[in-house]
Structures are given as C-alpha cells and as structure tokens.
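Student: mind folding the following:
(chains A, B, C and D)
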4 protein chains.
Amino acid sequence: MMIIVMQPQATRKEVDAVIKKLAEAGLKYHLSQGESRTIIGVIGDKKSIAKLPVDVFPGVEKSVAVTESYKLVSREFRPEDTVVDVQGAKIGGRHLAVMAGPCAVESLEQLLEAAVIVKRAGAQFLRGGAFKPRTSPYDFQGLEEKGLEMLAAAREKTGLKVITEVVDSASVGLVSQYADVLQIGTRNMQNFNLLKTVGRTDKPVLLKRGLAATISEWLNAAEYIMSEGNYNVILCERGIRTFETYTRNTLDLGAVAAVKTLSHLPVIVDPSHGTGRWKMVRPMARAAVAAGADGLIIEVHPNPAEALCDGNQSLTPENFSLLMNEIGAIAAVTGKSLQ
Amino acid sequence: MMIIVMQPQATRKEVDAVIKKLAEAGLKYHLSQGESRTIIGVIGDKKSIAKLPVDVFPGVEKSVAVTESYKLVSREFRPEDTVVDVQGAKIGGRHLAVMAGPCAVESLEQLLEAAVIVKRAGAQFLRGGAFKPRTSPYDFQGLEEKGLEMLAAAREKTGLKVITEVVDSASVGLVSQYADVLQIGTRNMQNFNLLKTVGRTDKPVLLKRGLAATISEWLNAAEYIMSEGNYNVILCERGIRTFETYTRNTLDLGAVAAVKTLSHLPVIVDPSHGTGRWKMVRPMARAAVAAGADGLIIEVHPNPAEALCDGNQSLTPENFSLLMNEIGAIAAVTGKSLQ
Amino acid sequence: MMIIVMQPQATRKEVDAVIKKLAEAGLKYHLSQGESRTIIGVIGDKKSIAKLPVDVFPGVEKSVAVTESYKLVSREFRPEDTVVDVQGAKIGGRHLAVMAGPCAVESLEQLLEAAVIVKRAGAQFLRGGAFKPRTSPYDFQGLEEKGLEMLAAAREKTGLKVITEVVDSASVGLVSQYADVLQIGTRNMQNFNLLKTVGRTDKPVLLKRGLAATISEWLNAAEYIMSEGNYNVILCERGIRTFETYTRNTLDLGAVAAVKTLSHLPVIVDPSHGTGRWKMVRPMARAAVAAGADGLIIEVHPNPAEALCDGNQSLTPENFSLLMNEIGAIAAVTGKSLQ
Amino acid sequence: MMIIVMQPQATRKEVDAVIKKLAEAGLKYHLSQGESRTIIGVIGDKKSIAKLPVDVFPGVEKSVAVTESYKLVSREFRPEDTVVDVQGAKIGGRHLAVMAGPCAVESLEQLLEAAVIVKRAGAQFLRGGAFKPRTSPYDFQGLEEKGLEMLAAAREKTGLKVITEVVDSASVGLVSQYADVLQIGTRNMQNFNLLKTVGRTDKPVLLKRGLAATISEWLNAAEYIMSEGNYNVILCERGIRTFETYTRNTLDLGAVAAVKTLSHLPVIVDPSHGTGRWKMVRPMARAAVAAGADGLIIEVHPNPAEALCDGNQSLTPENFSLLMNEIGAIAAVTGKSLQ
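Tutor: Numbers count the residues shown, from 1 in each chain, chains lettered A, B, ... in the order given. Purely as a prediction, here's the structure:
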C-alpha cells in the first residue's frame, strides 16, 4: 500500500496521468480530494507497487509507503511467538537463553576454560569466533577451521550448544559441520547471497542487526532467510551507530520492544558489542531482559587482560556469575525463566 | 590534559615552535619520540589549554583532548551519590523516584484526575507542562500561569511535589513560585543563560539531555548550573536522535550506566519521549530501572485519546499501575526501592 | 493532511469509531479499503489534525503526516525567491553574499584588522561574536556590549554590515542597537521565545540550523519568526551531527538544494563550523556555492594561531582571498554573482 | 601509537603494572606525570598495540588511538595522487571522470539507448547493475549474466568502459570477464572476503563508502584490497545515513576533502544515491566537483518513469547533458578537466 501526494498546483490532467499509470500496472487506487491537494491511495501487490517510480510523474510531490515489504517475519503472518529449538535448548516464548564465551577462539585451553565457566554459571550456548571480520587487515583474523574443531571439542566436553559466525557463502558448509547455530555478523546483515545460503541450510540462524540498519531493513534481511525455507531465525540487537562516542555503539533496547510488536521471531541482545565497555555490560544485560529480550549473548573471558580481541568489553567469570543471578530475578517480571 | 600528534614529516624546528608556544602559555609538556612521529603531552589548567589553536601550527597533525572540562559534576569531585531532597521526596542513592502526569496541563479537572491516579499508583511527583515548546507555532503552547496555578492546586490536594518546565530566563521567577522542581527541556539543554539563571535559584533542577547532545556536553550543561551554586541537579535521559524512524527517539539507556560512572548526580529516564509509543513505555521503563536509573518521568493521562498533546505516548491509568508493580520488583535487584 | 493506516485485523466497528472521532473534530476523510487493510485519508486544518492522538484508537496501526505544518516559509506561499536587503547589501536571488570575520570579537585592533582584510577581499558583511555560547562554563564567553561597540566601530570604518549573535530574549534590544543582522545560533534554533522576540524586531535574522534539526524543523523555526511579522529571514546550514568524527560536523549541502525547493527564503552556508578544519573550508565553500547557496559565512582571523576561539577552523587572509576568486568563478554557473 | 590515560586515583603500583605489560609486549612507552594524573604514550607496531586490552587493567581510565591502522592507502605512504588508468580512461590527478547509465540493466534496447546518450554527453564509463542487492527479497534482483553480456555489447558499440557491481566472491571471476571496473557496493564495504578476492584480480575496483562507515573504516577497507596487491582502487562517496529523512541519504562532501588529505587514492561521488531525488542530482554533482572530487557516477535513464529501479533518482538525458556543461566549467577551478 502506498500514498501518492500530489502538488497543490497539480492539474486534473496530471492526476489523470498518474491514475492511468496505476491502472496499466494493474493497481487499484482511491482518490482523496482535499481543499489544497489530492492524495491517491494505491492498493495492490508489493512487487507491482515497488516498480513504479511515481515521484518522477509530473505533479507528484511525494510518495509514502505505508506498509512493510516483509511478510513471513511479521506478527501478522504468525501471531504466536516462535520458539527456536536447538537440540533441546530453547530460544523464544517463556525461555530466557544465554550464550556466552570469548570474542575469538584463541586456543583449546582458553576455550575449554571459558566453556566450563559459562556452563557452570548457567548458560546453554557457547559463543566464540573462528572467523573474525576485522576493520583492519592487520588485525587477528581468527583460527578458522582449527577454531571450529576446538568449539566442537568444547561442546563434547560440556554439552553446551555452539554458536559461531559464518562470514561468506563459501564457508557455510564448513561451519555447518561444527556449529549448532550460524551467526550472521553485523557487517553481513545485508550480504544477501549469504542470507540466502544460510536460508537453505537446516541450522538455526542468529541475525545481528546492521550497524545502521533500520528495524525494517533488519526484518527484511530475516525475510531473505525465511523466504528460502529456513524459519529458525533469531534476531540480535547489538548496538547501532550514533553520534555518541563514549560507548562503542548505542544499544537500542527500544528495538527489542519494537520487534516484539512487529514480528513473532525471538530477539536477543548483545550488551558487549552494544557498549564496548565491560563495566556497562551488567547494567545493560539486566535492562535487556527487563525490556523483554529472549536472551543474551555475552563476551566472557577467563582473563580479559590476555584476550586477543575485545578484552575491553569481556566480563570476568565472577561478573558473569553475578549477572546470571540478577537476570534470573528480572526475567520473572517478564514471564520468562532461565532453563 | 591534551595530546598533540605531530605529522610524520614534521621537522625538529616545527616541534620546537609548538613547545615554545606551550611554554609561553604557561603549560607543561612531555615529548614522546616514536619511530615515525613525535607526540607531545600537554599538562596544565583547562582554560589555558582550551585557548591554544594548536591544530594550525605547522607540522601538527591533530590534537586530542584526553580529559573532560567539567569538574563539579564529576564522580572524581564527589565519590558518593548525590541524593536530591525535594521536601522529603528523595531522588538518588537507594531511592527510586517516580514522576508522572499529563504532557500538558489542559484543565483543572483533567489535572486533578491525573494527580489522584498517579498518587494512588505510588508516584511522588506530578509532572505537567504549563509552558510547552512546540515544533510548529500553530500547535498548542500551554496554559502558562493558569497552568501553574492548577499544578499548585493539585499539589495542595494530593501532596505530590510539582515538576514543570521553564522555557526562558524571564519566567524562572514566576515558575519558581509554583514548582518544586524546575525542568529544563531537551531543546534548552544548551540555553546557557537559562542554565545560569536556574543555577542561581534554590530549586532543584531536572536537566533533560539534548536531542543530539553527547554525554560530555550534557554533563557540561549540568556544570553550568552547579557553577552558579545550585548543586541539586537531576539528569534525565529522554532519547537521542538517530536514523531509526520507527520510534520517535532512540532511548539511550547506556547513558544511564555511563553517567553513573562519570558523575555523582542522580539520573532518571523518560520512556514516553524516548519511544513516542505508549506500547513501548512499560518495557522501556522496566529496562531503565534495571539499568540502574534513579527514577522515571512518565506521561500518564486519564484518557489518552482526548489528550491535547502526546496522547500517542501516554499511559492509561491501568497500564501505569501495572508498571509501578513491575518496577518495584526490578528495583530490588539494583538496590533501590520505591518510597 | 494525514493518513491513518488501520491494522489488518481491525474490525468494521473500530474503523467506524475512528471515523466518528474525525467527524466530531470537524475533519473530512476518505476511506480506502484494500484487500488486507483499510486506510483513511484525513483532510482539514492543521490544528485540528494535530490535536488528534489517533495512534491510541483501537485498531489503528499508525498515522503518517503527509503535509508540512509551516506555511509562510513555503515556496507554495511565495513562488519567487525572497531577496533580503540589508541597507543595500542583498542576500538571495542573483546575489552571492559573503560574511566573514573572526569567531569572537577579541579586541578593537584585532577586529579592525580583520574587517579591513575581509572588506578588501570583497565581503559585504563582518561577522564576529560578542556573546559566545560555549559548551563549558570555563571557556571564554565573549566581550558582550564592549564587543558590540567594537563591531559598530568596524562598520563605521569599513562600511561593512554587521552580523552578530543574540543569545537570549533579554538582549535582543541591546544587540539590535548595534547589529544589522541578528544571528540565531545552532543551539537556539528551537528557543521559541527568542524566535518570537526577533520576529517582532525590524532586523533581518540569520537562522542557523540546529545540530540535529531536520529540514522540516528548521523551516518551522523560521515560521516562528515570520509568524510574528518579520519576513526577512536568512537560513544558514552549518553542519549536522552524525557518527563521523573526522570532521567537527557533517556539512549537509543537500539541505541547500532541498531548501531551494521547499522555501523561497535565501540560504547560506557556514563551512567553518561545518567542517571544523581550516584545510576543508575552501573546498566546502566552493561546493556550497556550486550547490546553489546564496552566500557564505566564514571565519577569517588575521592570525589564526592567536585566536581566542575556533582558531583551528579560521582561514588566513591569504586563503580567504584565494577563496573569493574561486567562488566568483563558480557562482556564474548558478546564475549568481558577488556584489 | 596509543595514549593510555590513568585514573586520577591510580596508584604507582597500577602504573607500574601497565608498564610491565607494555614491556612484555615489546612496546616502548613514555610517561607523562601531570598534577592530577599520569598518561602513558605507547609506541610500537600496530599489531602488538591492537592486541592489548589496556582498558581492563586496574587504574586505567581510557586509551586513545592516535594513529590510523592503514598504511598503503595513506598520503604519507605515497604523497602524489594516484591516477587509475582504465585502458586509456583516467581517474585521478587532473582528470575528471564521469560514469553514467541506468541503475539496473533492464534490456539490451534500454541499455544501448542509455549508452549512446551518456557517450554523446561526454561520459567515459557506462554504469549499470546486473547483480542488484535489494532490501527486500521480493524486489527485482537483476539480469545477472545476461545483464553482463548486454554491458559488453554496449561497450562494443560505444567504446565506453564498463563498471558494474560484484556482490560476492564466487562471482568475481564471472564479472571480471565482462567489466572494466569492479564496483563494491555500500552494503559490502566490509565484506572482507570479497575485498580480498577483488584485491587478487587485475581489475580496478570502485569501493563505495558504507552507509555508516567512518572515513577511517572506509580507508581500512581499501587497505584490504591494496594489501592483496591491487593498487587500482577508486573511492566513492555515496551518502551516509543520518537522522534527516527528506533525502534518501546525506551526501558527505566533506569526506571528499578529507580523503584528499589522508590518501592518494582518487575519490568520486554518487549524487544519485546520495540524495535519492533527481531534482537534487545536478546541484550536488556540481558541488562534488567544486569540492575537488575526481569524478561522478550518475544514474541516467532514457525514460526514468519506466525504470525498473531508482527511477526517482535518475536524470533524463536532457538534464544529464546540462549537468555535463556545468561541471566542465567548475572543474577548471579545481585544476581538472573532462577528457
């Protein structure tokens, strides 16, 4: 559905020309004649509407899209909450899921130590990057397949489910052999080929919001995955880019509440990247749960001062443990509980 | 304190010229000679440093300020939390303060009805605008002094403390006769004359964050008030402007956690303006309390569908009541309680 | 004019209830019934529409304003360009106006030296701040009335028209005694009392765009001035706040082209604040003229390295002179010329 | 190079612990002891510095990176302008390059018609998308290889060089068979695998700035390409995402001036995506050239009202022709000329 606003000085002939175009494209319309201008409501399927460059027609002031282009992700399509089941570990509905672990897989020892820590504190998922997208080509880029093997070994030992990032279509097959959940990072939120590729797998996908993606674009990205047949999508708010420089990003918890209205998909929050400062991770993790998030993904490192990446935003085991107690209490208020 | 980074090709003579300038200005410095460039650390009082336009000196690549210019608002100046006492109603420390009421004072009946509702639900403060800054000159601009009189009448009847906005220096005296707390709105956060004027009163001041103000600028604005002698300043996060259009603003709860580190002043949150959608007010109010906020300021209207302004973001009495129960439970986690 | 989009599951009864509200408010409407939802076009005067909090009515998904609330500033109200005449110096239409001088008035000597330099290079206006709004209370705040006297002396000597900032309603009278053009700074763009006060004077007003003001809010602020009777308003784009930190602000030259479509008012550009770096002032000043700006306001200092404020973004006399030659050539392409 | 700012209350022991860490990492440092705090300047290779999570060490307030991590793209590495030579058509230095054509390749007829138009008006490059990244999976996604074949046919007929987008690593080989310049789109600016893949080809690469990428991140993305051996990189500013909604994006022409200082690479501007409104394309294209851009990439369509994508921002042949005349005149001021 779209609204076309004509200029005040638009002539009857110009209005007719627009209407003719709409009719040719097989679209229905309704005219509203105001005192100073005419508006035209356009009704029809999205593809036909999207094709029409109405703003270039003479006499048109502007057009406003009034409905979203996604469908499968919408609450309208499926009114009840989706619960993603990762071999028994659930995300969505009344379940509060916690994913934790180091930014990057650095060594088997480090990973196993982290895994035991987060398992003991009550998490169900182990996070850890084997492929690391980094701003500079000279930064540590991850252990790649060796890192994946270590993640699998940590799962073996602890029973935690493994979530790890996949950075391109070519490695989706490889990562799928090791991971329980495929993570699409913030920089790849609109890497549409990658979205389609993971949409053809049977692995649940965690889709991080892009650094400057609107909620609408984010949901459209999820639609790419679902439109290929994979309905197990988990959204993840991880901070957006604003003018504020004190924090690494601005964690947009309003997006959690918004997604709950617009979509049936579960949404979790990453307070580590969302703030970039370990001192702020606990308060913001608590806030995320209070806002209604279905889970958290948090960087925890046995020894943040030795971390190869993101040490500044990683929690110590002690702080993570304190946090788990706090969110357990808050989750009760939103009708959720840790598993 | 400031760091001057010289260009890689800067000559010894250029470095010496900068040093000479610093010495003339009475500033101390330390040279760090790297392999490819020289950096100069500048130490001295803020005024002297601020005056130097070092970036225009030949050979200088850039300068970086490494310390903040505010002092009285800093946690460093006063390590313990400030508790603002408004005739017995406390804001800060272990107290969770709730301010509620309509966007604008519309009539005595409406205001008294709202006051009774918010009082009964447990709020300590009645909010309501008598002077309304509006984007368009054709929008409702408030009842002015008549509105102030109604606020005083509502205080009389309910015992609630009154908080209302003051929009210019000329009316600070008038508003002070009626209000218990003076509110500085988001558009006036850097109206420095107004800040200085309220800084010379003995009324507590609620300082809303500017729409695009950094945390640093916000704290500097509070410094304007405190530097005139008024130490009873309450900060209020109310959403910042970002690219996201689904919400009216992006509520930056990370700012709450940041302020708690940087300053001793109490900080409260306005989830009504922060989201612009009443459906999001409850989740974001809960999140604010979980993040460690010292209170909330919320728009509540006996009948939002009839409100003269901001009806879209006002809570009904029922929803406000539900919210009060929820935040009571969450406050316990952050060591606070409703009074 | 406003569009109300109903939820797909909205009932006939809910639609009727909305229509009843519209009728009660004296508004006309048109229904458009799509396959999956109903939209309602609302027609009527702006005040009546603005009052209706339609988003809280049951069954309403959202409302979209499709027309602007300003009127006097619009191109629709006055199709031809406004030319502001400041005692013979013209801004708008085919005239390219240049305003130049130091950030702050520092001393009579400094100001006279600057005035002679900018006059000789071809500027018609002398800029210089006597009242300086500063982020920190500890920064230099201007010479106030003494500064105004110096500006008048410089006008006496050179014939340049004087433009200077007014920071509050109380000093509008004082500043008007000395200035030829009153400048409203970026932080005061929505200081509505100040806007109304200058709207009641007979002095031309230069209205800087707020740091995070949309073009629509900026034009509404101009409407405040015009609605009080003062039609001599000049708009000034001076950079907006974005995530980019290399420049002090992001100069939005697209706003110049946008204003030319939406309004008849002249619009000039401040490349000094827009970039914060003197090396970028010349390229961006050229770009502004090429984009169709009606003029420039530029910081020029006899000796930037000695400036009390904004030395980093001030041009030397030599660079200013080079710039004047460049923009003369470019102005010809947009049908304007230096006077 | 990095600066570590210690907290005012940091102990001598804490400072020593930081220094010990630096020494262990093989980094040099300089201590600057101020009255209220200590700062430590760290000198050493970027990799070693990047690894240290100094913000988690006790007593550290914050760390500030003072130099950039890119090297090959920097003006420091290569002081003179890079001129990219695309089989005789040059970009950079004194050459103003113009790339024009439809948003998407739609049919051979449409493309040939567009090619003849842009060739006649004086452009050297034909642009046209065969692979189209689109927000919604239901939008037109491009003709893929058939589109590439049509581009080659248009080159055959007109002699124009062909620039077209490559959206993933897997299709780099295919696109390279047809294109003269590979375009990396805004959503893929940090698709690091794709950057490395095009870095291993011998085709010039046009790298569009990401929607919310800082200038620094953009240059680091170019460094990814150059670090693989491909030095023929052309940067393209195409608008960033801000709060302003009147334009599709905010065209950041300041970035052009900034890049000219920081890097030797040529930088061109896309005013079509930068504004999203055809009426603004001419003014902003002129502004880009005046700001010092090395070229333009512009959407031109034989009949914008019939375009399958981006018709709203496409120029008609007449307007494109007018624009070519205007920029020829402006280029002279910046020392460049059309070829």
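Student: from here on, contacts and neighbour counts on C-alpha atoms
Tutor: Fine.
Student: tell me who's in contact with residue A:250.
Tutor: A:239-242, A:244, A:274-275, B:252, B:254 (C-alpha atoms under 8 Å, 6 or more residues apart in numbering or on different chains).
Student: same question but for residue A:104, I mixed them up
Tutor: By C-alpha under 8 Å, 6+ apart, residue A:104 lies in contact with A:128-130, A:132, A:142, A:308-309.
Student: kindly recompute the last result at 10 Å.
Tutor: Neighbouring residues of residue A:104 by C-alpha atoms under 10 Å, 6 or more residues apart in numbering or on different chains: A:110-111, A:127-132, A:140-143, A:147, A:164, A:299, A:301, A:307-310.
Student: ok, which stretches of the stretch 1-150 of chain A are strands?
Tutor: Per DSSP state E, counting those that start in this stretch, the stretch 1-150 of chain A carries strands over the ranges A:2-6, A:28-33, A:38-43, A:60-65, A:84-86, A:89-91, A:95-101, A:125-127.
Student: was I right to think residue A:202 contacts residue A:230?
Tutor: Yes. Assessed by C-alpha atoms under 10 Å, residue A:202 is found in contact with residue A:230 at 6.5 Å.
Student: look at the two and report which has more neighbours.
Tutor: For residue A:202 versus residue A:230, neighbours defined as other C-alpha atoms under 10 Å in any protein chain shown are more numerous around residue A:230 (20 against 14).
Student: could you check how far that one is from chain D?
Tutor: Shown here: residue A:230 relative to chain D, a distance of 14 Å by C-alpha to the nearest C-alpha, to the nearest Å.
Student: please name the nearest non-neighbouring residue to that residue.
Tutor: Counting by C-alpha to C-alpha, 6 or more residues apart in numbering or on different chains, residue A:199 is the residue found nearest to residue A:230 once chain neighbours are left out, at 4.9 Å.
Student: output the contacts of residue A:250 as CSV; include the columns pLDDT, neighbour count and distance to chain D.
Tutor: Below are these laid out as CSV (pLDDT from 0 to 100; neighbours: other C-alpha atoms under 10 Å in any protein chain shown; distance: C-alpha to the nearest C-alpha, whole Å):
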residue, pLDDT, neighbour count, distance to chain D
A:239, 97, 28, 13
A:240, 97, 25, 10
A:241, 97, 26, 7
A:242, 97, 28, 9
A:244, 95, 21, 13
A:274, 94, 26, 16
A:275, 94, 26, 13
B:252, 98, 22, 15
B:254, 98, 26, 17
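Student: would you mind putting those residues into CSV with secondary structure alongside?
Tutor: Shown next, in CSV, are the contacts of residue A:250 (DSSP: H, G, I helix; E, B strand; the rest coil):
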residue, secondary structure
A:239, coil
A:240, strand
A:241, coil
A:242, coil
A:244, coil
A:274, helix
A:275, helix
B:252, coil
B:254, helix
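Student: adding distance to chain C, write these out as TSV.
Tutor: Putting these into TSV (distance: C-alpha to the nearest C-alpha, whole Å) gives the following:
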residue	distance to chain C
A:239	13
A:240	10
A:241	6
A:242	5
A:244	7
A:274	15
A:275	15
B:252	15
B:254	17
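Student: out of the residues you listed, who's nearest residue C:330?
Tutor: Checking the contacts of residue A:250 against residue C:330 by C-alpha to C-alpha gives residue A:242 as the nearest, at 34.8 Å.
Student: thinking the closest one is in contact with residue D:212, fair?
Tutor: Yes. Residue A:242 is within contact range of residue D:212, at 9.1 Å (criterion: C-alpha under 10 Å).
Student: what's the distance between residue A:238 and residue A:312?
Tutor: For residue A:238, the distance to residue A:312 equals 16 Å [C-alpha to C-alpha, to the nearest Å].
Student: okay, the two: which has more neighbours?
Tutor: residue A:238 (25 against 22).
Student: show me what contacts that one?
Tutor: For residue A:238, the contact set (C-alpha under 10 Å, 6+ apart) comprises A:185-186, A:208-211, A:249-253, A:268-275, A:297.
Student: closest point of the stretch 51-200 of chain A to chain C, which residue?
Tutor: Residue of the stretch 51-200 of chain A nearest chain C, by C-alpha to the nearest C-alpha: residue A:66 (7.2 Å).
Student: can you pull the phi/psi pair for that residue?
Tutor: phi -110, psi 0 (degrees, to the nearest 10).
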